[in-house]
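>>> fold the following, please.
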Amino acid sequence: MNKYLRIIVVLALVLGIAILAKDNVAWAEPNTEADSSVLAQDDFSDLLAGPEPGSVKPPRPEIKLCEDGVYSVGGVATLRVSQLAPGYCVEASLHNKNFAVGRIPDGAGKTLAKVTFLRVFYQGKFVYEVPPEDGDIEICYAVPPGKQAEIYFYNHYGPRFGEGTGQPAWEPLPTTVENGIACAPAQTSGAYALIGQ
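As a prediction, the model looks like this:
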């Protein structure tokens with residue numbers, strides 16, 4: 001008896017709320033002002049889609065870009081591209097930081113993040129670099145707290161283009177560090193790594 005009384009009270013409450021609400025229903029209707037913020041975010045919907053509602057996909061570990069902007073490579077590195085001439089595209093991908101083992105100069109330290117491989121294309125053809133007059137590319141890494149680091153370049157593709165002689169080695173790039181972010185020029189196809197101690 002007590003069970004039935006509770007069910008009747010709950011039903012009466014739900015029915016009462018529905019009657020009081022009448023036309024003040026809080027449903028979102030498509031193409032109204034209420035959903036304009038959702039429509040404005042359509043470009044980002046693929047970033048927000050995930051296996052569970054509310055989850056966010058991590059940035060892709062491989063990217064291709066053909067225009068100016070700031071791009072995340074797997075959430076590890078950032079590419080800043082400006083004044084890129086038409087016809088140029090850049091592909092970047094992350095690889096295991098163990099790629100650098102045995103090739104780092106003595107005293108430089110070790111790789112502090114995954115290695116970024118960068119490949120430059122001009123009109124669909126793989127090329128060695130973006131000349132400075134055709135664009136400006138910068139790679140940045142967050143420096144772990146308490147570490148000192150520089151960005152190094154490994155001329156992985158140089159022999160293919162007749163650049164460099166002998167065994168390539170990691171070479172330090174002119175690196176600026178501000179607010180824990182290390183940045184260096186990245187005009188050339190090859191491998192880039194944050195190396196330090």
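
>>> and the residue nearest the centre of the chain?
In the chain, the C-alpha nearest the mean C-alpha coordinate belongs to Ser72, at 2.0 Å (C-alpha atoms, centre = their mean).

>>> distance of that residue relative to Asn96?
When distance is defined by C-beta to C-beta, to the nearest Å, Ser72 is 19 Å away from Asn96. No exception for glycine: its C-beta is placed from N, CA and C like everyone else's.

>>> residues near Ala77, how many?
The tally of other residues near Ala77 (other C-beta atoms under 10 Å) stands at 26.

>>> how much space between it and Arg160?
In this structure, Ala77 and Arg160 are 23 Å apart, going by C-beta to C-beta.

>>> again, but for Lys147
From Lys147 across to Arg160, the span is 33 Å (C-beta to C-beta).

>>> make sure Ile137 is actually in contact with Val130.
Yes. Here Ile137 reaches Val130: they are 6.0 Å apart, a contact under C-beta atoms under 8 Å.

>>> give me the common contacts of those two.
Residues within reach of Ile137 and of Val130 at once, by C-beta atoms under 8 Å, 6 or more residues apart in numbering, are 84, 90, 187.

>>> burial check on the residue lying closest to the first one once chain neighbours are set aside, number of neighbours?
Distance criterion C-beta to C-beta, 6 or more residues apart in numbering; nearest residue to Leu84, sequence neighbours excluded, is Gly135 at 3.8 Å. Counted with other C-beta under 10 Å, the burial measure for Gly135 works out to 17 neighbours.

>>> next one, pLDDT for Gly135 please.
Gly135 is assigned a predicted lDDT (pLDDT) of 97.
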